[in-house]
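[1] What follows is a predicted structure for the sequence shown.
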Amino acid sequence: MPKNPFLDDHWYTSGQAGAATGRGRTLFEVMHEERVQEGVEADAPWVPFASEEEWGLAQWMMHSGLSQSEIDRYLKLDIIQNRLPLSFKDKRAFFKKIDSLPRGPGWQCELFELQCEERSEGESGVEVFELWKRNPVECIRELLSNPTFKDNLRYAPEQRYEDDRGERPVLGEMWSGAWWERVQVSKRKLLPKGATLVPVILASDKTQLSNFSGDKSAWPVYLTIGNIPKSLRRSPSSHATVLLGYLPVAKLESVPKAKRAVLAYQLFHDCMRSLLEPLVEAGRKGVEVVCADGYVRRAHPIVAAYVADHPEQCLVACCQENHCPKCLVQPNKRGVPVDLPVMRDPEKMLAMICSALEGNKGPGFAEAGLRSIHPFWANLPHCDIFTCLTPDLLHQLHKGVFKDHTVKWATACMDGKEDEVNRRFRTMPLHPDLRHFKKGISLVSQWTGNEYKQMEKVFLGVVAGAADPDVVKAVRAVLDFVYYAHYEAHTEDSLSCLQDAWIRFHLHKHGFVRLGVCDDFNIPKLHSMSHYIDSIRLFGLADGYNTEGPERLHIDFAKLGYRASNRKQYIQQMTTWMERQDAVRRFDQYLQWLKAGHNSQLPSRSGDNNTEEAEDAEKDGEEVEQETAPESHARADVDSEEYTISKRPAFPSTSVKTITEEFGALDFIRCLEDFVTKTAASNAHSFLRVVNMYTTFSVYKQFKKRLPRMSQVSKTLAMDSIRAIPAKSAGGLRPATPSQFSTVLAREGVVDSTQDSEREDGISSHPLDGMTVGQVRLLFRLSSNMEHVSKHPLAYIEWYTPFHRYDDLTGMFSVAPSQRLHRRRASIIPITSIVRTCHLIPAWGRVHVARTDWTSENVLQRCDRFYVNAYLRHSDFVLFRQLVDNWRRSRSITV
């Protein structure tokens, strides 16, 4: 995928969409003028606080998680009272100042009454529920007017292409999807010319507030807009997703069980209807909004996406949970792949629901699995609620299809069952980007999204060799689908790969039935995979609508507020807490905007997050130097191939004897002779004559280098740690630590950087040409009098066999330790020839019960064959799976 795809934004430049109607004042400009009118002086913008330092203390107290009583005790400490001249002496004065800060959309409480069974004498038969809400139009207005999003907002559809002719589109953000173009600028457009579409993205999820005792819950509803990039929408610190309201959590214990579910469903829809009521007129007629760039636009907020897990999707769609909330597939047909499923039509579904509410349930009502509930989305303009339900990577793929089903089925199909799976996880080689399940996976008591993802990285290698070929291929297809679905940019090629993975699973899934581990595949989350490609084409990439976002927001918008309350009438206290948090955050952004000369903003659309400095220098307090390597020969796109390494080596005077015995660099002297000789250095022979077992070198623990940027999976540059650290024995209270010798992908020989990417026969070169897997045993630098041999540090590497053996079952390359004269083949190369770390998975075979001496620390020495892990990181997946598969397909077509 090109680094800078061809951009087509003619809808905006021609004024057909997102047209400005005038100039106005942005959010912070309005705040600034109001404060000037109130008499706030320019040299004291932090008023009502006495100083900038006092404002900093106020920020800390608001964000620290301290309760009101703890804040009061802190302010009344003698040391605070006597040494800090604060303008507030207790919590009452402190919160009075916080409450005087500029506020955003306010909170309202609406009461809903539900008639229940008559209770004992003196008790009302009516149960009252509270809906706490904010005006969604005002929340949208604030998001669009916030100058921090100035360079990131989009007001019209845009499309990017791989080619200059505009024939191969690149799907990414919401504005690149077909839905936005269909609503705003297509021939059947629903908005007037020049209007600005604001795609409203809603999310709701019930969450538990109390940890160990009690039964306190909250049901937050979140709102964001598709005009903001998904990277900012996903980031809690950007505040691009706002809390819209708290739905009542109704247990309805006084209602008969037979009626309880229907009344709870209707209460949800009644509350959502009230919550979203302002969007009805705003979506139809539009509202004037001053956007972050200072221009006034006519904005039409339209509900475009609803992020929820499967039960809540069914609740929103007014259908039963054994039906698909998006299409009309029958429950007993969900395990059968259908290329063109019949999607739910909102007008037809609404007509059937209305007839059922009047007592007329037609034959289609039961077949569609509908519920007799008056839906909240009935009057929302231009809203197809069934299309709005977006893919859920966390619950549908990671937890559902992978953990709850694929892992369970595959484990039951393996020789040795659960014990063998645990054994293989325990003996898995270590890697910094991989969690080590040192006790296996069956004893993990609480699973999170991170655990699911860590399992996915190695599960295919765990299954390989111990399960039926159909099972292995089905597991591979599931993992391929999960990884392709996680892409941050899709092309027609990667979408066809996603489709191919789905088809391959259905081709090989019957292995599970044949082995008796399952009866059918009529599973909602498995069926949901069939809707991913259509949703991606409509709304952009699935990672922009993952339920991991709302679950993370529960911490900031629910759990912290609950902890700050006194647990009585806690929802009301949570709204007050949230209002104050918003005020502090908004005021801080305003002050930053002032400091930047009225132009504070988040990184622009083309900006990238800076990578962090090397940790290394680490825990020993060493300085770090950063060097830029010569021109890269890697196939992947990288801005500059840089590395960071400590200025002072961890082992400054390490003898060859220590290098051989502790680092395992057995052929160090011979390899050094070969390397120095090949450089044709003038003083090479004199240098080599003095090298013996007691010659010392400067040895490093590790270095870090930038991974190539792959826009399919990430827009930022990531750092990769390459380590060569010997084992350390226990001493005193310090436990023993295992060795860390990284396995890497490196260029063993010299690669011609001027060679074309295609050969004369028209076949593109292999993406791994010139690269070999090796294990780094030593990182060192030559003495100063030999710096002309290599200005970069060097690495001693033991090599594995080339990429000649491809396993069709797993789709991974198989390598083995490379031998030379009955010894490990090794050589010395500059560290700039190391491309990236990689991970090797032992090829265990059918069962390795007898190999009880294998551990995660020694398995690389004990095992004689390995798979090169294609699932370690998403960038590894692009390199070892997509690019390799594409090359193999192009080669077979050409042949």
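    That came through fine. Numbers count the residues shown, from 1 in each chain.
[2] hey, let's count contacts and neighbours off CA atoms from now on
    Will do.
[3] where in the chain is pLDDT low?
    1-3, 117-124, 212-214, 598-641, 680-687, 749-764, 847-851, 893-895 (pLDDT under 70).
[4] what's the longest strand in it?
    strand 295-307 (DSSP state E).
[5] count of neighbours near residue 27?
    For residue 27, the count of nearby residues is 22 (other C-alpha atoms under 10 Å).
[6] Is it correct that it is in contact with residue 146?
    Yes - counting by C-alpha atoms under 8 Å, residue 146 is a contact partner of residue 27 at 5.6 Å.
[7] Quickly list what's touching both of those two.
    residue 292 (C-alpha atoms under 8 Å, 6 or more residues apart in numbering).
[8] all strands of the stretch 601-750 of the chain, in order?
    624-628, 642-646, 651-655, 696-700, 702-706, 719-725, 740-741, 743-747 (DSSP state E, counting those that start in this stretch).
[9] quick one: which of the ones you listed is nearest residue 577?
    Nearest to residue 577 among these is strand 719-725; the distance by C-alpha to C-alpha comes to 38.3 Å.
[10] buried sites along that closest one?
    719-725 (16 or more other C-alpha atoms under 10 Å).
[11] which secondary structure elements does the longest helix along the chain contact?
    If you go by DSSP state H, the chain has its longest helix at helix 257-285. Judged by 3 or more C-alpha pairs under 8 Å, 6 or more residues apart in numbering; DSSP states H and E, helix 257-285 is in contact with helix 136-145, strand 242-247, strand 295-307.
[12] Same list, these, but as TSV with mean neighbour count and distance to residue 519 please.
    Listed next are those as TSV, based on neighbours: other C-alpha atoms under 10 Å; distance: least, C-alpha to C-alpha, whole Å:
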stretch	mean neighbour count	distance to residue 519
helix 136-145	22	46
strand 242-247	24	39
strand 295-307	25	31
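[13] Export those to JSON lines and append columns for distance to residue 51.
    Converted to JSON lines, the helices and strands packed on helix 257-285 look like this (distance: least, C-alpha to C-alpha, whole Å):
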{"stretch": "helix 136-145", "distance to residue 51": "28"}
{"stretch": "strand 242-247", "distance to residue 51": "30"}
{"stretch": "strand 295-307", "distance to residue 51": "34"}
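[14] Show me the one of these that comes nearest residue 816.
    strand 295-307 (45.9 Å).
[15] immediately after that closest one, which helix or strand?
    The helix or strand immediately downstream of strand 295-307 is helix 310-317, counting by DSSP states H and E.
[16] List the contacts of that following helix.
    Under C-alpha under 8 Å, 6+ apart, the answer for helix 310-317 is 204-205, 265, 269, 320-321, 323-326, 375, 385-386, 389, 395-396, 524-525.
[17] Going by contacts, tell me the helices and strands next to the helix or strand that contains residue 421.
    Secondary structure assignment for residue 421, by DSSP H and E: helix 417-426. Judged by 3+ C-alpha pairs under 8 Å, 6+ apart, helix 417-426 is in contact with helix 408-413, helix 459-463.
[18] ok so, going back, how much does the longest helix of the chain deviate in direction from strand 242-247?
    150 degrees (axes from the mean of the first three to the mean of the last three C-alpha atoms, to 10 degrees).
[19] Could you tell me the phi and psi values at residue 882?
    phi -70, psi -50 (degrees, to the nearest 10).
[20] Could you do residue 155 as well?
    According to degrees, to the nearest 10, residue 155 has phi -110, psi 0.
[21] Leaving out chain neighbours, which residue sits closest to it?
    residue 18 (4.7 Å; C-alpha to C-alpha, 6 or more residues apart in numbering).
[22] so the one you found is in which element?
    Residue-wise, residue 18 maps onto no helix or strand under DSSP H and E.
[23] So what's the residue count around it?
    25.
[24] Distance check, it against residue 7.
    As judged by C-alpha to C-alpha, to the nearest Å, residue 18 and residue 7 stand 17 Å apart.
[25] Compare the helices and strands packed on helix 257-285 and give me the one nearest residue 736.
    Of all the helices and strands packed on helix 257-285, strand 295-307 comes closest under C-alpha to C-alpha, at 47.0 Å.
[26] by contact count, what packs against the closest one?
    strand 20-23, strand 196-204, helix 257-285, strand 287-290, helix 385-388.
[27] most packed of the ones you listed?
    strand 196-204 (a mean of 25; mean count of other C-alpha atoms under 10 Å).
[28] how far is stretch 343-360 from where the chain is centred?
    38 Å (C-alpha atoms, centre = their mean, to the nearest Å).
[29] ok, the residue nearest the centre of the chain to residue 483 distance?
    Nearest to the geometric centre of the chain sits residue 543, at 6.6 Å (C-alpha atoms, centre = their mean). The gap separating residue 543 from residue 483 is 11 Å, by C-alpha to C-alpha.
[30] Could you list the residues in contact with stretch 368-388?
    190, 262, 265-266, 269-270, 272-273, 279-280, 283-284, 302-306, 316-320, 323, 325-328, 330, 344-346, 350, 353-354, 356-357, 535.
[31] Determine how far the last residue of it lies from the first.
    Terminal-residue distance, stretch 368-388 (C-alpha to C-alpha): 18 Å.
[32] Give the burial count for residue 450, as a bare number.
    Around residue 450 there are 12 residues (other C-alpha under 10 Å).
[33] Surely it is in a helix?
    Yes - secondary structure assignment places residue 450 in a helix (DSSP: H, G, I helix; E, B strand; the rest coil).
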